[in-house]
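Undergrad: okay, structure incoming, though there's no sequence with it:
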């Protein structure tokens, strides 16, 4: 256990990432650009927990009554957020000096960007995520997360991100040689698939914020 603690706090495991809740659908187009903005630095477990907490604090929960049941809806499933952040922390390229993970939350979507493309040089948008082999860039970090039950060894994290949403098309992956991108579109209730529309408030659906 002492060895595990040392590895989590080793220099390769300590780095920063920035998280921002932007006002609107894009950056820098309003008088007030950001609602919330933080930078975190520390070991990978702390960064994972702080990232999940930031997303949760900047998300909304809604509910509607259907028959005799109360059905709850959240902007971004916690399982999907956790898997995406684990993927970013484990598979990022730590050899890119000065780069860091970014979490950007907008009115209708969230984007997580991590330094470094896929380890095998392919582009994620050009492959079937159901057939991705389990190749890890950072074996020690992957082993730590696996032992702490934050990830599995089967390379199924991307698939689980999609399956956490009510509609798998709400999640998109993109990569190039420099970065890996995860875009999650906010979950909706009885809305069209045009995710660039502002959140609709439908009184007849009895949607109420908590």
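TA: It's in. Bear in mind that the values here come from a model prediction, so they are computed numbers and not experimental data.
Undergrad: what are the buried residues along stretch 160-169?
TA: When burial is assessed from 16 or more other C-beta atoms under 10 Å, stretch 160-169 yields the following buried residues: 160, 161, 162, 164, 165. C-betas here are computed from N, CA, C, even on glycine.
Undergrad: with those in mind, which one is nearest to residue 78?
TA: Among these, residue 164 lies closest to residue 78 (C-beta to C-beta), at 8.2 Å.
Undergrad: can you give me the strands in this protein?
TA: Chain-ordered strands for the chain, with DSSP state E as the definition, fall at 15-22, 34-42, 61-66, 69-74, 101-105, 109-115, 171-175, 179-185, 208-209.
Undergrad: which of the ones you listed sits closest to residue 54?
TA: Each of the strands of the chain was checked against residue 54 via C-beta to C-beta, and the shortest separation belongs to strand 15-22, namely 4.6 Å.
Undergrad: quick one on the thing from earlier: helices - which of the buried residues of stretch 160-169 land there?
TA: Under the assignment DSSP state H, the buried residues of stretch 160-169 contribute 160, 161, 162 to helices.
Undergrad: so who does residue 72 touch?
TA: Under the criterion of C-beta atoms under 8 Å, 6 or more residues apart in numbering, the contact list for residue 72 reads 61, 62, 63.
Undergrad: bridged to it, which residues?
TA: With DSSP bridges as the criterion, the beta-bridge partners of residue 72 are residue 63.
Undergrad: and it, what's its pLDDT?
TA: pLDDT, the model's per-residue confidence, is 78 for residue 72.
Undergrad: and it, how far is that from residue 166?
TA: Using C-beta to C-beta, to the nearest Å, one gets 12 Å for the distance from residue 72 to residue 166.
Undergrad: for the chain, what spans make up the helices?
TA: With DSSP H, the ranges of helices along the chain come out as 2-8, 44-57, 78-91, 139-147, 157-163.
Undergrad: packing partners of the last one?
TA: It stands for helix 157-163. helix 78-91, strand 171-175 (3 or more C-beta pairs under 8 Å, 6 or more residues apart in numbering; DSSP states H and E).
Undergrad: check these for me and report the most buried one.
TA: For these, the stretch with the most neighbours on average is helix 78-91, a mean of 22; neighbours defined as mean count of other C-beta atoms under 10 Å.
Undergrad: and that one, what other elements does it pack with?
TA: Counting by 3+ C-beta pairs under 8 Å, 6+ apart, the packing neighbours recorded for helix 78-91 are helix 44-57, strand 101-105, strand 109-115, helix 139-147, helix 157-163, strand 179-185.
Undergrad: and the second one, average pLDDT?
TA: Confidence over strand 101-105, taken as the mean pLDDT, stands at 95.
Undergrad: what angle separates it from strand 34-42?
TA: In terms of direction (axes from the mean of the first three to the mean of the last three C-alpha atoms, to 10 degrees), strand 101-105 departs from strand 34-42 by 160 degrees.
Undergrad: ok, strand 101-105: who's next to it in the sheet?
TA: Based on DSSP bridges, the strands next to strand 101-105 in the sheet, each with its direction, are strand 15-22 (parallel), strand 109-115 (antiparallel).
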